[in-house]
Every structure is written in C-alpha cells, then in structure tokens.
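[1] Return a 3D structure for these sequence lines:
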Amino acid sequence: MSRTYVDAFPALVILLPFLAAAAGLLLSRWPRSRVPYSVMGRAVLPHGAAVDPALESADPKANRRAAWFAVLPATVSAVLACWLAASQGFAFFQRLAEEAPQARTAVAGASYGTIETGGVPITLILQADQLSAIVAVLVTIVALAVQVYSVGYLKDDPRYPSYSAFISLFTSAMLLVVYAGDLLLLYVGWEIMGLCSYLLIGHWWEDRANSRAAVKAFLVTRLGDVGFLFGIFVLGLSAGSFTIDDVIAKVPELPTATVVTATMLLLAGVAGKSAQVPLHTWLPDAMAGPTPISALIHAATMVAAGIFLVARLFPVFLAAPPTLDVLAVLAALGMLGAALAALAQDDLKRVLAYSTVSQLAYMAGALAAGSDTAAIFHLLTHGAFKALLFLCAGAVIHHVGSNLMSQMGGLRRGLPVTFVTMTIGLAALMGLPPASGFFSKDGVLAAIEQALGAGTLTDAAGLLLYTCALATVAVTGAYATRAWLRTFFGPERPVALPEPQPGTAHIVDSREAPPSMLGPIVVLAVPALGLGVFGLGHISWGVAAISVALALLGAAIVYAVWRGDPLADPARVLGPLRVPSERAFYVDTVYSALFVRPVLALARVVVRADDRVVDGAVRGSGRTTQGASGLLRLAQNGNVQLYVSGVLAGVLLIAVGAVVLG
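    Model (predicted):
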C-alpha cells in the first residue's frame, strides 16, 4: 500500500469515531418515529399530556440506526489501527522480546499545519510509533467490543443514540491522545475524554447518586488537569516547543529543577486520569454508569491515558528521580490499599473498580522502577482481561438484576459461557498461568525487584514499592477468588421481584445474555488468555514462582473461610480491617471534612452575605425611594386649598426672612 495512505491512517482512525458521534447525535433520530409513551405496562398518556423524559419509550428504529452509526465506523477504525500496527511488524512486541529501547522515530503520520500563538506554536501532528500504534489497537478493539455489547445491554434504553454517540466521541478523544505528536493537541483529547466521562457516567441522571458520581468524576479529574496543563506549559516553554519529540530531545539541556517541576505537575494529571492516590476516589463511584461504560473507562480510555502519558514522555520522567520516588510511593499505597478495599466490597462492579486502581498502580510502579516496557505490556493485558471482567459482570447483573454479590450465587449452571470467560479473566487478574496477566505481572514484579539494586529509586521508596507489590499479589488472589466463589458457587440466592402491574405475569430471565453481549465476551477472552505469549521469552521464573505462590496463598485462605460457611462473606478474614477496607480507609470522609464541608460552609456565608448585604442594600434603596415618594405624594393630592395655603405660607416665610435679615 502507498506510503501516503499509511501516513493518513492515524487521522482516519481518529476521524471515523468522531464522524460516528456526529451522525449518532444528529441523524439517528431522523426521521423521528411516533412512539407511544408506555414503559413496563404503564398506560399511554393522554394526548398533549406532559411526558417525563425518563419514562419515554425507546424508538427501535432510532436505536437501530444509532447502532449502525456506532459499530461500523468503530470496526473500520479498529481494522485501520491493526493494519497500522502490522505495517511496522507490531514493533512493540518485538521490542518486548528483545528488550530493546523504544524507537522514537514516527513510523507513520503527518503534520496538518501549525497554529501560531505569538509564542511557542502548536503543531497539528499525528504520528504512530511503537507505543502509540499498539495502544491504539487496544483502544479500538475494546471500544468496538463495548459498542457491540451495548446494542444488547441497552436495547430498550430511550437514550441509546446519545449514549453510543458519546462512546464514539470518547474513543476518538482517546485515539487523539494516543496519536498526538504535540502536547497541546494531546491535551485537547485529554479534556474531551473528561467531558465524555461526565456524560456517560451520568447517563441515568434521574438517579441523583448517578448525577453526583458524574460531577465527582468531572471535578476530581479537572483538579488534576490544572496541574497537568501547567506542567505542559513549563515543559513546552522551557524546551521551546510543544512537539513531543522536540521536548524529549531538549530534556538533557534543561535544568533538573525545571524537569522535576514539570513532571510533578504532569503527575497531578496522571493521578487524576488514572485514578491514583490521592485522586482515585472518583473511580469507584463511576460505577453508577452503565456497565459497558465501566469496561471502556477502566480498560482502554481514561484510566489508561495517564499511564500512557508517562510512557510517552518516559525519558523526561527518567531525568527527574524525585518524581519517580513520588510515583513509587503513590503506587505502593494505591496498589495495596485498593486491593484491600476490593476484598471488602459487596458490589461486584466496585470490586472490579478498586481492582483497576490496584492494577494501574502496578503499572505506575513499573514506570517508577524504570521499565516502561513492563508497564505498557501490563496495560495491554489488563485492558483485555479487565474489559472482559466488566462485560462478564454486566452479563451477571443483566441475569440477576442486582450488582450485589450477596444476592448472587450458583450462577455457573445458568450462565456457563459467562462462567468460563469470567474465570479466565479472574485468572489473568490473579496472575495465574497460562493467562496473560501471569506474564505481564511477572514483568512488573521483576522490574520492581531489579530497581532495588539498580539505584533507579531511593532505598526506602524501592523497598516500600516491592513489599507492597508482593503483598498485593496475595490480596489480589484473595478478592478475585472471593468474587468468583460468591458469584458462581454456593446456593442460589433468588432475588425478590417487585409486584408487577395488575394483569402482568412475573418474568424471570434465566437464560444467558443475548448474542450481541456474549460475542464480545468470547472475543475478549482470547487475548485475556493468550496475549501473554509475547512475554514468554523474558519471564523471570523465580519471581513468577513467588507471585503464583502468593496468589494461591490468598486464594486458599479465602476458599477455606468460604468452605466453612458458604453463606457468610469471606471478607470476614480481614478482621478489624474489614470496616475500614469497606469504607476505602475513609479517604472520602477525610476529603469531605477537609474540603467539601469548609467549601459548603463558605458558600453558605457568601450566599447569606449576598442576600443580606448586597441584595439588602438594593432592597433598602428601593424602600428609601418608596418612602420619599410617599412624602412627596402627600403634597400632590389635587386639593386646591392645600396648594393656596402652601403658596401663602411660602410668601409669609419670604417676607419674614426679608424683614429679619433686612
């Protein structure tokens, strides 16, 4: 194929989901069908009656058009991304096998002009190197799986057209982050993702908890993005260019203080987007959105963006050892704390959410230890098995009608395909062979172990990171086994259904999910199981043996506790740590006390001052004017005698004054 066409692939991969979003928003509901407003047996409303949008029935034709607008461009985009990665021989995996340094020369891409700013210009350049090409494959494939899965999952949702359009926009924004060759161009995609996450997490906005979760995600990530933007400015202005390759080339010439300041600021944005301590609190609450959105956010878009950015600018971070120490400490606290929180949750999606925080901390730990290769390899395998786990969780929730594991159990018979695929995903999460997570997690642990003696980190930071990483392996085995046992084994726990409308029969769906949901699950199970083969050549068998032993130890403890009483929650193994772990160590409570309550109190003071002082002054001036006008109105009453008396009184006063003052 012509080189010119290949160079255009990055732009096409980004543009196709963007056009799909525009078509989904503008064209899917046109021509608009007349659909009766009847939901779950409710009577059709009288003509002209006001309709609650939440009760509007889905338009099947609009949903069908929206599905085509979403799936077809996503498919073409995924094919182009795979073609682009294949055109360079999947260079990242070659580098992984050979342990070669990352090539910084763009393999494909083009510049689309320059925006003059009066200072440092912004270059509209898209490029694909080893890193961006392979991450784009992950993004497009997971996004395609989520779009297909959503067709069945949200079949009867009246807002499915906007939902699928926002997923397309979300995908396009992440691909812009991946392919951008300029930091400010990358920042555009970075911020669009924040907007899309707000819109998708709050998809079911009628529930106040969902809308609050969306606002929380938006505000927390924006907080980190403030530092991120200033970090871009410091780095770009110091290097004299915002182009990523130019910035990396200029790093050896920059003062260490400048590099440390810039990377520390960038780390704030990374912590927000990738849900790392201390800005991790938004991610568990983001489970309020539809389950496919959780799969997309947790596997291939927002949370992956922060790790990707550090890997993209890895030479810059290597030139700032204090930043790597900070990253190591945050990763150590995040991986173990989130794993303990996952062990105590009853909501299956929140278990997976805290698991994501923990696994992302593994990637951050590998970056801090000096191995971007291990971090990105784990990012790829994690994207596959975590997307698989969330979609399997969606199938379970679709079947049971509840997120709570206390209302699940014995589902392996009714959901055989979901059981097998989710078992593969949990094995990968635990790091058990031959699942992909075994190989990538081994690479992370080996990199952290090597950092202890290599001097990449200070001794204290390196030891803390390694200790927490090993402890987290055992806790991961424990919470994954607990979720597996409570969901698929033990006695079945039937959920009490609400009383139906009169004349409507009880309907219990005891079947597997529809093919549109099972298809993506089965497809994602393949890389979740087999992607690790690319890391087979550089596995550290000693570290791998320790990792598997610790994971099995955690699993065995939970199994023994569960076997003693299958109806009880194995989380009781945490003892006094159970309640703090369930509350995620009260981080949200602390933030509420330190930030939320003081801000609300200050807001109340401002509102009262505005009402009493500012508005009071305005209202007081009005009352004064009214009072003065009332006095003047007494003299203007139309009484001629009063007017004559006033004139005579005036004349008399003038005469007296003239005599006296003479």
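[2] which residues touch residue 250?
    238-241 (Cβ atoms under 8 Å, 6 or more residues apart in numbering). C-beta coordinates here come from the backbone N, C-alpha and C atoms, glycine included.
[3] What about the residues you listed, which are in helices?
    Among the contacts of residue 250, the members falling in helices (DSSP state H) are 238-239.
[4] most surrounded residue in the contacts of residue 250?
    residue 239 (24 neighbours; other Cβ atoms under 10 Å).
[5] packing partners for the helix or strand that contains residue 393?
    Using DSSP states H and E, residue 393 maps to helix 372-400. Helix 372-400 sits against helix 91-98, helix 130-153, helix 291-299, helix 302-312, helix 348-368, helix 416-430, helix 436-454, helix 515-530, with contacts defined as 3 or more Cβ pairs under 8 Å, 6 or more residues apart in numbering; DSSP states H and E.
[6] wait, which of those is closest to residue 187?
    helix 302-312 (10.2 Å; Cβ to Cβ).
[7] Contacts for the following helix or strand past that closest one, please.
    Following helix 302-312 in sequence order, the next helix or strand is helix 314-318 (DSSP H and E). Residues outside helix 314-318 that contact it (Cβ under 8 Å, 6+ apart) are 102, 235, 247-248, 251, 259, 262-263, 310, 323-324, 327, 367, 370, 372.
[8] Take those and keep only those in helices.
    Short answer: those in helices (DSSP H) are 235, 247-248, 259, 262-263, 310, 323-324, 327, 367, 372.
[9] which phi and psi does residue 408 have?
    phi -110, psi -180 (degrees, to the nearest 10).
[10] now do residue 346
    Dihedral angles (degrees, to the nearest 10) for residue 346: phi -100, psi -30.
[11] which residues does it contact?
    404-406, 569 are the contacts of residue 346 under Cβ under 8 Å, 6+ apart.
[12] The same query, at a cut-off of 10 Å, please.
    Applying Cβ atoms under 10 Å, 6 or more residues apart in numbering, we find residue 346 in contact with 403-408, 486, 569, 571, 582.
[13] go on, residue 188?
    122, 173, 176-177, 180, 182.
[14] One more: residue 529?
    384-385, 388, 421, 424-425, 427-428, 434-437.
[15] distance of residue 202 from residue 273?
    Using Cβ to Cβ, to the nearest Å, we find residue 202 at a distance of 18 Å from residue 273.
[16] sorry, that was for residue 644
    Taken as Cβ to Cβ, the span from residue 644 to residue 273 is 85 Å.
[17] Looking at those two, which has the bigger crowd around it?
    residue 273 (28 against 10).
[18] nearest residue to that one other than its sequence neighbours?
    residue 306 (4.1 Å; Cβ to Cβ, 6 or more residues apart in numbering).
[19] Any idea which of the helices and strands packed on helix 372-400 has the lowest pLDDT on average?
    Out of the helices and strands packed on helix 372-400, helix 91-98 stands lowest, with a mean of 77 (criterion: mean pLDDT).
[20] If we go by neighbour counts, what in that one is buried?
    Neighbour counts using 16 or more other Cβ atoms under 10 Å place 91-93, 95-96 of helix 91-98 among the buried residues.
[21] Turn those into TSV, including distance to residue 649.
    Converted to TSV, the buried residues of helix 91-98 look like this (distance: Cβ to Cβ, whole Å):
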residue	distance to residue 649
91	105
92	102
93	106
95	105
96	106
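[22] ok, those vs residue 450, which is closest?
    Nearest to residue 450 among these, with distances taken as Cβ to Cβ, is residue 96, at 16.0 Å.
[23] The closest one touches residue 537, doesn't it?
    Yes - assessed by Cβ atoms under 10 Å, residue 96 is found in contact with residue 537 at 8.1 Å.
[24] Mind listing the shared neighbours of those two?
    Common neighbours of residue 96 and residue 537 (Cβ under 10 Å, 6+ apart) are residue 439.
[25] could the ones in helices among the contacts of helix 314-318 go into CSV alongside distance to residue 156 and neighbour count?
    Putting the ones in helices among the contacts of helix 314-318 into CSV (distance: Cβ to Cβ, whole Å; neighbours: other Cβ atoms under 10 Å) gives the following:
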residue, distance to residue 156, neighbour count
235, 48, 26
247, 49, 23
248, 50, 17
259, 53, 24
262, 49, 29
263, 48, 25
310, 41, 25
323, 49, 23
324, 49, 25
327, 45, 28
367, 43, 26
372, 44, 25
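[26] Let me know the closest of the residues you listed to residue 81.
    Among the ones in helices among the contacts of helix 314-318, and counting by Cβ to Cβ, the member closest to residue 81 is residue 372, at 20.5 Å.
[27] For the closest one, give me its contacts.
    Applying Cβ under 10 Å, 6+ apart, the residues contacting residue 372 are 101-102, 131, 307, 310-315, 317-318, 363, 366, 379, 447.
[28] Low-confidence regions, the protein specifically.
    1-5, 31-57, 97-106, 494-511, 634-635, 637, 662 (pLDDT under 70).
[29] Could you identify the buried members of the contacts of residue 372?
    Applying 16+ other Cβ under 10 Å to these flags 102, 131, 307, 310-315, 317-318, 363, 366, 379, 447 as buried.
[30] Make JSON lines from the contacts of residue 346 and add distance to residue 108 to it.
    Shown next, in JSON lines, are the contacts of residue 346 (distance: Cβ to Cβ, whole Å):
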{"residue": "403", "distance to residue 108": "43"}
{"residue": "404", "distance to residue 108": "47"}
{"residue": "405", "distance to residue 108": "46"}
{"residue": "406", "distance to residue 108": "51"}
{"residue": "407", "distance to residue 108": "50"}
{"residue": "408", "distance to residue 108": "47"}
{"residue": "486", "distance to residue 108": "47"}
{"residue": "569", "distance to residue 108": "52"}
{"residue": "571", "distance to residue 108": "49"}
{"residue": "582", "distance to residue 108": "48"}
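[31] What about those residues, which are in helices?
    Going by DSSP H, the helices hold 486, 582 from the contacts of residue 346.
[32] Name the member of the contacts of residue 346 that has the highest neighbour count.
    Highest count within the contacts of residue 346 by other Cβ under 10 Å belongs to residue 486, 26 neighbours.
[33] How much space separates the nearest residue to that residue once chain neighbours are set aside from residue 303?
    Leaving out its chain neighbours, the residue that sits closest to residue 486 by Cβ to Cβ, 6+ apart is residue 405, at 4.2 Å. Per Cβ to Cβ, residue 405 is found 23 Å from residue 303.
[34] Kindly provide the distance from residue 77 to residue 141.
    10 Å.
[35] Looking at the two, which is more packed in?
    residue 77 (29 against 24).
[36] which residues does that one contact?
    Residue 77 sits next to 9, 12-18, 20, 136, 139-141, 143-144, 168, 171-172, 175 when contact means Cβ under 10 Å, 6+ apart.
[37] and residue 276, that's in a helix?
    No - judged by DSSP: H, G, I helix; E, B strand; the rest coil, residue 276 forms no part of a helix; its state is coil.
[38] And it, its phi and psi?
    Torsion angles, degrees, to the nearest 10, at residue 276: phi -110, psi 160.
[39] Any idea which of the helices and strands packed on helix 372-400 gets closest to residue 66?
    Checked against Cβ to Cβ, the stretch from the helices and strands packed on helix 372-400 lying closest is helix 130-153, at 9.1 Å.
[40] Verify the stated contact: residue 275 with residue 335.
    No - with contact defined as Cβ under 10 Å, residue 275 does not reach residue 335; the gap is 12.0 Å.
[41] Now do the shared contacts for the two.
    357, 360-361.
[42] what's the closest of those residues to residue 227?
    For those, the nearest to residue 227 is residue 360 (18.2 Å; Cβ to Cβ).
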